[in-house]
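Colleague: This is the structure alone, sequence omitted:
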């Protein structure tokens, strides 16, 4: 492909020529940006939903910051919402009411902002699940995976502070819980709470401080991390799904211009339209119904935004346990719900790529995604984590569940306490067996095809390429293995060697595809075999912009 393959529209040539005369970037722009190839698979749009939701958050948040007053100074409300006329409230709550009822388009922008925040966290969660289940976090993308985890963690804090700013009854109750969680941290908890709130709860400093953190600090960090995430992805190139002509050294898809530019631009407007439609017809966070925050009021059926539901559920599920240690009282009923779910989910996700690399001994580059069925242990662990998360999330609304199902509240709580222990292991076992069963189905399809009664000759091998795209980790020495002289293998010595051997056997479990079709799939049979790569199935289709491949000779 030559540098003259692209016909730049006249509308861009003038501006581009002016910039190139001064910055000399046209050649790099044409070669590295306009020619960049993107895989054409629907799952890659999940990350774009998170990106464009963040853009919507920045735009709407800028508008809201022009009218919001981050102050807890008490005033008497005399605005358009007559049901609260004459009620004492904070300036923060009053300004939020004014945005909702007196600023033209204010309520719509407020709701777009809130819906976009929920959509950002939802798309980020599903995007991370896609990356996990397909193994797209493996070398060389571990750093980008860690950036994603930090983005998710910061999103939790940003969302908490965002819906706490209006100082309504619901957000005030959430802040009270947040202060209790901070105080439950041993040794430093009381200092953290005093520093953030500026004194006893609720104080007068928490709303202004949250405003600065929510509007300036965390968005700046998020913007920097998202930019780094995109640039690293651009440099390392996309992973891609197995298919015909797909190898570890190319990318099959469509170029940045004009195909991807048009698609991603229209995708942004579609996401914006979806959030605007939701904001028009589905009310979210109607703070005028909750009233201003007062410590003496209480409400039922109150829950935070969905992404904070796991922490709410953990608090509701945990028994009232306390212990005294070295003269200090440890509130386990607060500390455990705060530390355990985040450690299991976020801590486990942080160390998983390195644990998998250690267990499999696989240090090669990976640019082709796994099918989830071909990694039974990884998929089982992911589903078990989803079940763990889901139980905690549902328990965050245990009062609503009890009311709707007409069962005692404590019965719901005890069901959740039992399910959180037994349901994740069951989910892991069932998922693992399902994955092996699907592998057997693939093996049968490879060896025998479909019995349709119709004889056809198909021109491409796309389906076969997908089925054959199964790489099995190499087998390491088994725990306690010895050579012919009775000397234990160095890698299998000690507790660490034994643990690594067991983990390696688990990751290498597969259903082998043998020439005679025999194999039971109950163990790592054939796990040492290197199954056929998909690069030989055929050449990529000719694309308008060139050959449709993005070569990466530095990868192996």
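Modeller: Thanks, I have it. None of these values were measured; they are calculated from a predicted model. Numbering: from 1, shown residues only.

Colleague: what's near enough to touch residue 132?
Modeller: Taking Cβ atoms under 8 Å, 6 or more residues apart in numbering, we find residue 132 in contact with 349, 352, 378, 382. No exception for glycine: its C-beta is placed from N, CA and C like everyone else's.

Colleague: Hmm, the last one is touching residue 128, no?
Modeller: No - contact criterion Cβ atoms under 8 Å: residue 382 and residue 128 do not qualify, at 10.1 Å.

Colleague: Not counting sequence-adjacent ones, nearest residue to residue 199?
Modeller: For residue 199, the nearest residue in space outside its immediate sequence neighbours is residue 205; the separation is 7.5 Å by Cβ to Cβ, 6 or more residues apart in numbering.

Colleague: how much space between the one you found and residue 47?
Modeller: Residue 205 sits 37 Å away from residue 47, going by Cβ to Cβ, to the nearest Å.

Colleague: now do residue 129
Modeller: Using Cβ to Cβ, one obtains 12 Å as the distance from residue 129 to residue 47.

Colleague: Over to residue 151?
Modeller: With distances taken as Cβ to Cβ, residue 151 is found 11 Å from residue 47.

Colleague: With residue 240 instead?
Modeller: Relative to residue 47, residue 240 is positioned 14 Å away (criterion: Cβ to Cβ).

Colleague: hang on, the residue nearest to residue 199 packs against residue 195?
Modeller: No - contact status for residue 205 versus residue 195: not in contact, 9.6 Å apart, counting by Cβ under 8 Å.

Colleague: ok so, going back, the residue nearest to residue 199: what's it in contact with?
Modeller: If you count contacts by Cβ under 8 Å, 6+ apart, residue 205 has them with 197, 198, 199.

Colleague: Would you mind confirming that the second one makes contact with residue 204?
Modeller: What that stands for is residue 198. Yes - here residue 198 lies in contact with residue 204, judged by Cβ under 8 Å, at a distance of 6.7 Å.

Colleague: Who are the contact partners of residue 283?
Modeller: residue 111.

Colleague: run the last query once more with 10 Å
Modeller: 107, 111, 114, 289 (Cβ atoms under 10 Å, 6 or more residues apart in numbering).

Colleague: Near residue 415, how many other residues are there?
Modeller: For residue 415, the tally of surrounding residues (other Cβ atoms under 10 Å) stands at 16.

Colleague: Local confidence estimate at it?
Modeller: The per-residue pLDDT reported for residue 415 equals 95.

Colleague: Kindly list the main-chain dihedrals of it?
Modeller: Geometry field for residue 415 lists phi and psi as phi -60, psi -40, criterion degrees, to the nearest 10.

Colleague: Distance of it relative to residue 125?
Modeller: When distances are taken as Cβ to Cβ, residue 415 and residue 125 turn out to be 25 Å apart.

Colleague: Which helix or strand lies directly C-terminal to the worst-scoring helix or strand of the chain on mean pLDDT?
Modeller: Comparing every helix and strand of the chain by mean pLDDT, DSSP states H and E singles out helix 26-28 as the least confident one, with a mean of 69. Counting by DSSP states H and E, the element after helix 26-28 in chain order, helix or strand, is strand 37-38.

Colleague: quick one, strands of this structure?
Modeller: For the chain, the strands defined by DSSP state E occupy 37-38, 74-76, 88-90, 254-255, 322-325, 328-331.

Colleague: Need these in CSV (columns: mean neighbour count and distance to residue 283).
Modeller: Compiled in CSV, the strands of the chain are given as follows (neighbours: other Cβ atoms under 10 Å; distance: least, Cβ to Cβ, whole Å):
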stretch, mean neighbour count, distance to residue 283
strand 37-38, 22, 37
strand 74-76, 13, 25
strand 88-90, 19, 20
strand 254-255, 21, 40
strand 322-325, 9, 40
strand 328-331, 14, 36
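
Colleague: Ok, which of the ones you listed comes nearest residue 362?
Modeller: The minimum distance between residue 362 and the strands of the chain falls on strand 37-38, with 25.9 Å, by Cβ to Cβ.

Colleague: got a list of what residue 78 touches?
Modeller: 84, 85, 86, 87, 94.

Colleague: In ChimeraX, how would I select just the buried ones from these?
Modeller: With 16 or more other Cβ atoms under 10 Å as the burial test, the buried ones among those are selected in ChimeraX as follows:
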select :84,94
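
Colleague: For the contacts of residue 78, give me CSV that also has distance to residue 250 and pLDDT.
Modeller: Converted to CSV, these look like this (distance: Cβ to Cβ, whole Å; pLDDT from 0 to 100):
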residue, distance to residue 250, pLDDT
84, 62, 92
85, 67, 92
86, 70, 92
87, 65, 93
94, 59, 95
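
Colleague: Now the two most distant members of the contacts of residue 78.
Modeller: 86 and 94 (12.3 Å).

Colleague: Determine the residues that are contacts of both of those two.
Modeller: Shared contacts of residue 86 and residue 94, defined by Cβ under 10 Å, 6+ apart, are found at 76, 77, 78.

Colleague: Just give me the closest of those to residue 24.
Modeller: Compare each of those with residue 24 using Cβ to Cβ and the shortest gap goes to residue 77, at 59.4 Å.

Colleague: Which one's more surrounded, residue 129 and residue 47?
Modeller: Between residue 129 and residue 47, counted using other Cβ under 10 Å, the more crowded position is residue 47 (22 against 15).

Colleague: How many neighbouring residues does the closest residue to residue 147 other than its chain neighbours have?
Modeller: The spatially closest residue to residue 147, leaving aside those adjacent along the chain, is residue 229, at 4.9 Å (Cβ to Cβ, 6+ apart). Other residues within reach of residue 229, judged by other Cβ under 10 Å, total 20.

Colleague: surely residue 229 meets residue 128?
Modeller: No - in this structure residue 229 lies outside contact range of residue 128 using Cβ atoms under 10 Å: 11.8 Å.

Colleague: which residues do the two both contact?
Modeller: Taking Cβ under 10 Å, 6+ apart as the criterion, residue 229 and residue 128 both touch 47, 50, 145, 148, 151.

Colleague: got the contact list for the first one?
Modeller: Applying Cβ under 10 Å, 6+ apart to residue 47 gives the contacts 123-124, 126-128, 130-131, 148, 226, 229-230, 233, 238.

Colleague: if you set the cut-off to 8 Å instead, what comes out?
Modeller: With contacts taken as Cβ under 8 Å, 6+ apart, residue 47 has the following neighbours: 123, 127.

Colleague: And stretch 281-289, what's buried?
Modeller: Residues of stretch 281-289 classed as buried by neighbour count (16+ other Cβ under 10 Å): 284, 285, 287, 288.

Colleague: Would you format those residues as a markdown table with distance to residue 252 and pLDDT included?
Modeller: Rendered in a markdown table, the data for the buried residues of stretch 281-289 read as follows (distance: Cβ to Cβ, whole Å; pLDDT from 0 to 100):
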| residue | distance to residue 252 | pLDDT |
| --- | --- | --- |
| 284 | 41 | 92 |
| 285 | 44 | 91 |
| 287 | 50 | 92 |
| 288 | 53 | 93 |
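
Colleague: Reformat the residues you listed into TSV and put distance to residue 246 next to each item.
Modeller: Supplementary listing: the buried residues of stretch 281-289 in TSV, determined by distance: Cβ to Cβ, whole Å:
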residue	distance to residue 246
284	42
285	45
287	51
288	54
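
Colleague: Mind picking the one among these that's closest to residue 373?
Modeller: The shortest approach to residue 373 among the buried residues of stretch 281-289 belongs to residue 284, at 37.6 Å (Cβ to Cβ).

Colleague: correct me, but that closest one touches residue 111?
Modeller: Yes - Residue 284 is in contact with residue 111 according to Cβ under 8 Å; the separation is 5.5 Å.

Colleague: Give the residues shared as contacts by these two.
Modeller: When Cβ under 8 Å, 6+ apart defines a contact, the residues bordering residue 284 and residue 111 alike are residue 278.

Colleague: how close does residue 169 sit to residue 322?
Modeller: With distances defined as Cβ to Cβ, the gap from residue 169 to residue 322 amounts to 28 Å.

Colleague: for residue 400, same thing?
Modeller: Plainly put, residue 400 is 28 Å away from residue 322 if you go by Cβ to Cβ.

Colleague: Please name the residues that touch the residue lying closest to residue 291 once chain neighbours are set aside.
Modeller: Leaving out its chain neighbours, the residue that sits closest to residue 291 by Cβ to Cβ, 6+ apart is residue 169, at 5.2 Å. The neighbourhood of residue 169, defined by Cβ under 8 Å, 6+ apart, consists of 290, 291, 292, 293, 294, 297, 299.
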